[in-house]
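Novice: Starting from these lines, generate the structure:
(chains A and B)
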Amino acid sequence: MSEHVPADLQYTKSHEWVRSLPDGQVEVGITDHAQSALGDLVFVEVPLVDRKLAAGEACAVVESVKAASDVYSPVAGRVVARNEALSQKPELLNSDPYGAGWMMRIELDAKTPSAVLLRPSEYQQFLKESE
Amino acid sequence: MGLKTPLYDTHVSAHAKIIDFGGWDMPLHYGSQIEEHHAVRRDAGLFDVSHMCAIDLTGARTREFLRHLLANDVVRLTIPGRALYSCMLLPTGGVIDDLIAYFLTESWFRLVVNAGTRAKDLAWIREHAAAFGVDVRERSDLAILAVQGPNARDKTAALLSAAHRGTALGLQRFSAVAVDSWFLARTGYTGEDGFEIMLPGTQAPETWRALVALGVRPAGLGARDTLRLEAGMNLYGNDMDETRHPLESGLAWTVAFDPAGRDFIGREALVRARKDLGPLLVGLVLEERGVLRTHQAVSAAAADGSLGEPLGEVTSGTFSPTLNRAIALARLRPQPDGRVPQPGGRVLVDIRGKLYAARVVKPPFVRDGKPLVEIQ
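Specialist: Below is the predicted model:
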């Protein structure tokens, strides 16, 4: 099965994506591979605005009919916005994981070095190896 | 690599996500579990349940044997083709399996048992059948299709000859009839009307394709689970097992204590258990957004809404696509006043360390396409 891995994003091995925004903040969500593996999503819990996150910290939960999964923050920083639409329409994560299904925006903590993120080709390679 | 039904290749070519279920490679869904669920509630869905096991029992004393083997009483089956739901118990009252028994002739009954329990079921049945001179035959040559939903019967009948169509559509609920090479039963596990078709495995792929061509949508085990839970039906292994008896599994209605002289396996244990105030299986509806899951802890809510006495746990939980809310079956102990929370009562469920309010309801949650519980 081939899954969509946009070229302008960075990725984690726990299947989150990171988009760098022009103002230096980042947008975070889960990948097409993650939504496809989880199946129909029915509940999403995103962190409150202003919450401070460490890189790798479990900060959100996505639940499909089948199971609940943690989402880990790919970066250290402060939550500045969260996608409120997901509480009523969790299926946006299935239909548009890189767009309308975004989960949160984070202002990076300048003092903390960011975690190692994967380039699209590296993430694709990782998916191939973990098949 | 697990066991495969005659429809395995059909599922793979329809891009099914295949999972292991009780040692069988079975379709979980064909793309969207929720759309498959809605198709069954609103139109017609098609399930491969050939992993379940049909067992033919033959011999002059078959009825007498089943009156001993099963907690429900096949004496109720007086018209050929009629079916009965029952538990098969250990002497302790623990549930070996739940099954459907079909009465065909005085010397021929058919049982359909669960996939995950078929080996132990067959061993148990054979062990007890010998004394009654009953022959036990596993019908692994048969495939089983379930066609379920408000339009399921009409669409299925369209595949039959004109002569048999009337017979099929005239079939009473919980009855079966032989038409051509099919054993056609108006039974199911979804809370919708429909048929279960037992037919030679060799004919299954062709019949599957014909039903799909008539607009019946393939549905996987994922939708089967959300449908059965909405219908308030137990799943063996979740809601009952060998450590739990039917009275604490919401299945008291399936135990025939009368007549008192009928000596069925497990009777003594159940007669004793009936005197106790034991745990009961109740329905829960989550009042907030979230998903109920098996093994989540359930507690009483104190008057101020804080955490009260532990009551038990969720035995089956899921998100209900019809109600757009999480629902569950939960086994709850009586509170100090001797009562298990009643429908309308409120309890607290621990979901990943946080407490969520849930309302106690009487299952089923949904039947024949209609919600039976109020969502606030």
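Novice: what are the phi and psi angles of whichever residue of the stretch 151-300 of chain B sits closest to chain A?
Specialist: At 4.5 Å from chain A, B:Val291 is the closest residue in the stretch 151-300 of chain B, using CB to the nearest CB. Every residue, glycine included, has its C-beta placed from N, CA and C. Backbone torsions for B:Val291, taken as degrees, to the nearest 10, come to phi -130, psi 130.
Novice: Next up, the contacts around it.
Specialist: By CB atoms under 8 Å, 6 or more residues apart in numbering or on different chains, the contact list for B:Val291 reads A:Val42, A:Phe43, A:Glu63, A:Ala68, B:Gly317, B:Thr318, B:Phe319, B:Ala326, B:Ile351.
Novice: where does the second one fall, helix, sheet strand or coil?
Specialist: Think A:Phe43. At A:Phe43 the chain is in strand, as set by DSSP: H, G, I helix; E, B strand; the rest coil.
Novice: which residues sit in contact with it?
Specialist: By CB under 8 Å, 6+ apart, the residues touching A:Phe43 are A:Val61, A:Val62, A:Glu63, A:Ala68, A:Pro90, B:Arg289, B:Gly290, B:Val291, B:Phe319, B:Ala326.
Novice: give me the element the last one is part of.
Specialist: Assigned by DSSP states H and E, B:Ala326 belongs to strand B:325-332.
Novice: Residue ranges in chain A under the pLDDT threshold?
Specialist: Along chain A, the model assigns pLDDT under 70 to residues A:1-2, A:113-115.
Novice: got the residues of it near chain B?
Specialist: When proximity is defined by CB under 8 Å from any CB of the partner chain, chain A lies next to chain B at A:Gly39, A:Asp40, A:Val42, A:Phe43, A:Val61, A:Glu63, A:Val65, A:Lys66, A:Ala68, A:Ser87.
Novice: In chain A, which residue is most central in space?
Specialist: Computing the C-alpha centroid of chain A and ranking residues by CA atoms, centre = their mean puts A:Gly29 first, at 2.4 Å.
Novice: Now that we have the contacts of B:Val291, can you turn them into a markdown table and tack on distance to B:Pro371?
Specialist: As requested, those are exported to a markdown table (distance: CB to CB, whole Å):
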| residue | distance to B:Pro371 |
| --- | --- |
| A:Val42 | 17 |
| A:Phe43 | 19 |
| A:Glu63 | 21 |
| A:Ala68 | 25 |
| B:Gly317 | 18 |
| B:Thr318 | 15 |
| B:Phe319 | 14 |
| B:Ala326 | 14 |
| B:Ile351 | 23 |
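Novice: ok, and the most crowded of the residues you listed?
Specialist: Neighbour counts for the contacts of B:Val291, by other CB atoms under 10 Å in any protein chain shown, peak at B:Phe319, which reaches 29 neighbours.
Novice: Just the buried residues of stretch B:332-352, please?
Specialist: B:Leu332, B:Arg333, B:Pro334, B:Val340, B:Pro341, B:Gly345, B:Val347, B:Leu348, B:Val349, B:Asp350, B:Ile351 (16 or more other CB atoms under 10 Å in any protein chain shown).
Novice: those strands in chain A, which residues are they?
Specialist: Assigned by DSSP state E, chain A shows strands spanning A:10-11, A:16-20, A:26-30, A:41-45, A:52-53, A:58-64, A:68-72, A:77-82, A:104-108.
Novice: any chance of those strands in CSV, with distance to B:Ala158 too?
Specialist: Shown next, in CSV, are the strands of chain A (distance: least, CB to CB, whole Å):
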stretch, distance to B:Ala158
strand A:10-11, 50
strand A:16-20, 48
strand A:26-30, 43
strand A:41-45, 34
strand A:52-53, 58
strand A:58-64, 35
strand A:68-72, 42
strand A:77-82, 51
strand A:104-108, 51
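Novice: Between those, which one is closest to B:Pro200.
Specialist: With CB to CB as the measure, strand A:58-64 is the member of the strands of chain A nearest B:Pro200 (36.6 Å).
Novice: May I have the strands that pair with that closest one, each with its orientation?
Specialist: strand A:41-45 (antiparallel), strand A:68-72 (antiparallel) (DSSP bridges).
Novice: so who does the closest residue in space to B:Ala300 that isn't next to it in sequence touch?
Specialist: Distances taken as CB to CB, 6 or more residues apart in numbering or on different chains put B:Gly308 closest to B:Ala300, at 3.3 Å, once the chain neighbours are dropped. By CB under 8 Å, 6+ apart, the contact set of B:Gly308 is B:Ser299, B:Ala300, B:Ala301, B:Ala302, B:Leu348.
Novice: The third one and B:Arg346, how far apart?
Specialist: This points to B:Ala301. 5 Å (CB to CB, to the nearest Å).
Novice: Please enumerate the shared neighbours of these two.
Specialist: Overlap of the contact sets of B:Ala301 and B:Arg346 (by CB under 8 Å, 6+ apart) consists of B:Ala357.
Novice: top strand in chain B by residue count?
Specialist: When chain B is parsed with DSSP E, its longest strand is strand B:307-320.
Novice: Please save the CA atoms from it in CSV.
Specialist: Extracted in CSV, the C-alpha atoms of strand B:307-320 (Å, rounded to 0.1, in the frame of the first residue of the first chain):
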residue,chain,number,x,y,z
LEU,B,307,-15.5,9.0,42.9
GLY,B,308,-17.6,6.4,44.9
GLU,B,309,-17.3,2.6,45.4
PRO,B,310,-15.7,0.5,42.7
LEU,B,311,-18.5,-1.4,40.9
GLY,B,312,-16.8,-3.4,38.2
GLU,B,313,-15.6,-3.0,34.6
VAL,B,314,-16.5,-2.6,31.0
THR,B,315,-16.7,-6.0,29.3
SER,B,316,-17.3,-4.6,25.7
GLY,B,317,-17.0,-1.0,24.8
THR,B,318,-17.0,0.9,21.5
PHE,B,319,-18.0,3.9,19.7
SER,B,320,-21.6,3.6,18.4
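Novice: Name the residues of that strand that are buried.
Specialist: By neighbour count on 16+ other CB under 10 Å, the buried set for strand B:307-320 is B:Leu311, B:Gly312, B:Glu313, B:Val314, B:Thr315, B:Ser316, B:Gly317, B:Thr318, B:Phe319, B:Ser320.
Novice: Summarise which helices and strands the strand holding B:Ala326 is packed against.
Specialist: Here strand B:325-332 touches helix B:221-230, strand B:280-286, strand B:307-320, strand B:346-351, going by 3 or more CB pairs under 8 Å, 6 or more residues apart in numbering or on different chains; DSSP states H and E.
Novice: average model confidence for the second one?
Specialist: Averaging pLDDT along strand B:280-286 gives 97.
Novice: Next, the residues that contact it from outside, please.
Specialist: With CB under 8 Å, 6+ apart, strand B:280-286 has contacts from B:232, B:234, B:239, B:248-250, B:292, B:298, B:314-315, B:317, B:323, B:325-332, B:334, B:340-341, B:343, B:347, B:349, B:356-365, B:373, B:375.
Novice: Buried ones among the residues you listed?
Specialist: Among these, those scoring as buried are B:232, B:234, B:239, B:248-250, B:292, B:298, B:314-315, B:317, B:323, B:325-332, B:334, B:340-341, B:347, B:349, B:356, B:358-361, B:363-365, B:373 (criterion: 16+ other CB under 10 Å).
Novice: Can you report phi and psi for the nearest residue to B:Lys17 once chain neighbours are set aside?
Specialist: Distances taken as CB to CB, 6+ apart place B:Leu28 nearest to B:Lys17, at 4.7 Å, with adjacent residues excluded. Taking degrees, to the nearest 10, you get phi -80, psi -50 for the backbone angles of B:Leu28.
Novice: Count the residues that sit near B:Leu28.
Specialist: Around B:Leu28 there are 21 other residues, counting by other CB under 10 Å.
Novice: do B:Asp43 as well
Specialist: If you count neighbours by other CB under 10 Å, B:Asp43 ends up with 17.
Novice: Give me the pLDDT for it.
Specialist: 98.
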